[in-house]
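**Q** sequence first, predicted model second:
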Amino acid sequence: MTRAAATLPPDARGAFKDPLGPVYEDVQRLLADAGDPIIAVGDVVTYHLVEADAPPKVAVVDGKTEREAVTREVAGGRPDADRTVEAASDPGTISVELLDALVDAIYAEGSTLLSVDGEEDLATLPAVLAAPVDASVVYGQPGEGMVLANVTSSLKEQARDLCELLETTEEFWALVNRGAANSK
């Protein structure tokens with residue numbers, strides 16, 4: 001079991017269903033509207049970006065999609081990143097280890113493949129909070145496509161409001177704020 005920085009309470013799950021930006025089925029259209037750098041959360045979106053010759057600066061993957069193992073093709077479509085970091089994070093949580101690795105990856109030189117043992121689903125919100133304005137966070141919307149969350153101060157406020165619904169620790173906010181301080 002990992003040390004949780006934040007946990008999603010069951011009664012707050014509904015608030016996390018709406019996408020944080022437009023949903024795309026076509027990766028080229030998404031890339032035309034994306035900022036820089038791109039942070040991908042999820043195996044399938046990472047695969048599509050790599051296949052389009054646009055590997056993300058940070059790829060957060062867990063080997064699953066909708067709680068099932070990804071296909072061999074998707075698993076083989078991970079980026080050839082400058083570094084690979086492993087972190088554990090239990091389902092329904094954001095571990096301290098994952099959050100720390102994510103913030104480091106966003107501001108590290110070069111690209112990072114962040115391989116999560118457990119679940120990466122909740123990494124989208126801290127990615128938005130930690131990323132610089134004009135970056136893009138791309139993640140999957142089950143059954144619909146890829147969400148393009150272009151980071152603006154307004155989107156950061158929305159993400160912070162959603163994070164307020166999580167059961168968070170002081171460490172969660174310290175790590176997120178460390179990323180936010182780097183993004184200025």
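**A** Cool, got the structure.
**Q** what segments of this protein are helices?
**A** 27-33, 43-51, 72-75, 96-107, 124-130, 153-163, 170-182 (DSSP state H).
**Q** wait, which of those is closest to residue 117?
**A** Smallest distance to residue 117 across the helices of the chain (C-beta to C-beta): 9.5 Å, for helix 96-107. For the C-beta atoms, the positions are set from N, CA and C on the backbone; glycine is no exception.
**Q** any idea of the mean pLDDT for the closest one?
**A** In this model, helix 96-107 carries a mean pLDDT of 95.
**Q** what pLDDT does the model give the closest residue in space to residue 135 that isn't next to it in sequence?
**A** Excluding its sequence neighbours, the residue lying closest to residue 135 (C-beta to C-beta, 6 or more residues apart in numbering) is residue 151, at 4.7 Å. pLDDT for residue 151: 97.
**Q** repeat that for residue 91.
**A** 89.
**Q** which residues touch residue 105?
**A** Counting by C-beta atoms under 8 Å, 6 or more residues apart in numbering, residue 105 touches 57-58, 85, 112, 114.
**Q** so which of the residues you listed comes closest to residue 71?
**A** If you rank these by distance to residue 71 using C-beta to C-beta, residue 114 comes first, at 20.4 Å.
**Q** so what's the closest one up against?
**A** Residue 114 neighbours (C-beta under 8 Å, 6+ apart): 58-61, 84-87, 98, 101-102, 105, 120.
**Q** and those residues as CSV, adding distance to residue 40?
**A** CSV is the format used below for the contacts of residue 114 (distance: C-beta to C-beta, whole Å):
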residue, distance to residue 40
58, 7
59, 5
60, 7
61, 8
84, 14
85, 14
86, 17
87, 15
98, 15
101, 15
102, 12
105, 11
120, 10
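**Q** ok, the residue nearest to residue 135 - how many residues close by?
**A** Residue 151: 25 surrounding residues under other C-beta atoms under 10 Å.
**Q** ok, it to residue 40 distance?
**A** Separation of residue 151 from residue 40 (C-beta to C-beta, to the nearest Å): 14 Å.
**Q** over to residue 15?
**A** Shown here: residue 15 relative to residue 40, a distance of 23 Å by C-beta to C-beta.
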